[in-house]
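> Sequence and predicted structure below; questions after.
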Amino acid sequence: MFAVVRTGGKQYRVAAGDKIAVEKLAGEAGDTITLGDVLLAGEGDSVADASKVTVSAEIIAQAKSEKVVVFKKRRRHNYRRKAGHRQQLTLLRITDVGEGSAKKAPAKKAEAKKADADAKATEAEAKAPAKKAPAKKADTAEAKPAAKKAAPKKTAATSKAAEEKKAPAKKAAAKKPAAKKTEDKNEG
């Protein structure tokens, strides 16, 4: 069975076992993804309902394409600019082109990975020893001056009042002198 899928603004005709290079997709090597935008599907000369067909693929690698050289020149103006670009690609191996069953398998894998990550996080928390705060000594000479130096806590009302006092007053706009009215001597 074959399918025509759209990804990265381009269309690809794929079948099970094909390897294609597409615009960069999120994921690491070994991850399984589902190409959801199926435009056409069929087998041989017959065409199947594309809405029921799913295409699953495995990411082989994240890579870069060939370098494209961008060279700009304007004759007789001593203007030359040279730049290069390498587009990022994802190499895919199409694992399955089929009727709806491919969507369920990747979802289970993703759920299993999340469950494993959660289990590892809880194990790490359980293994980590609980940290206790060091006991404070009230009789030391250092503790007493520190208590005296502690500033009183400011409330929201006092901090707003302080901000209003610190804000610079806005200057009144300078008035322009009014233009003198001159009468035309020629008017009658």
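Received, thanks. Numbering: from 1, shown residues only.
> Point out where the protein drops to low pLDDT.
100-188 (pLDDT under 70).
> Which residue ranges of it form strands?
Taking DSSP state E as the test, the strands found in the chain are 2-7, 10-15, 19-23, 32-35, 38-43, 46-48, 53-64, 68-74, 79-85, 88-99.
> Go through the last one and flag the buried ones.
Read that as strand 88-99. Burial within strand 88-99, assessed by neighbour count using 16 or more other CB atoms under 10 Å, is assigned to 89-92, 94-98. No exception for glycine: its C-beta is placed from N, CA and C like everyone else's.
> same thing with the second one?
Under the neighbour-count criterion of 16+ other CB under 10 Å, strand 10-15 has 12, 14 buried.
> That strand pairs with which strands?
strand 2-7 (antiparallel) (DSSP bridges).
> What residues of the partner strand count as buried?
Buried, per 16+ other CB under 10 Å, within strand 2-7: 2-5, 7.
> neighbouring contacts of that strand?
The contact list for strand 2-7, computed with CB atoms under 8 Å, 6 or more residues apart in numbering, reads 11-15, 22-23, 25, 35, 37-43, 50, 53, 55, 97.
> which non-adjacent residue is nearest residue 71?
Once flanking residues are discounted, residue 71 sits nearest to residue 82: 5.2 Å by CB to CB, 6 or more residues apart in numbering.
> so the one you found sits right up against residue 67, yeah?
No. Residue 82 is beyond contact range of residue 67, at 11.6 Å (criterion: CB atoms under 8 Å).
> what do these two both touch?
Joint contacts of residue 82 and residue 67 (CB under 8 Å, 6+ apart) do not exist.
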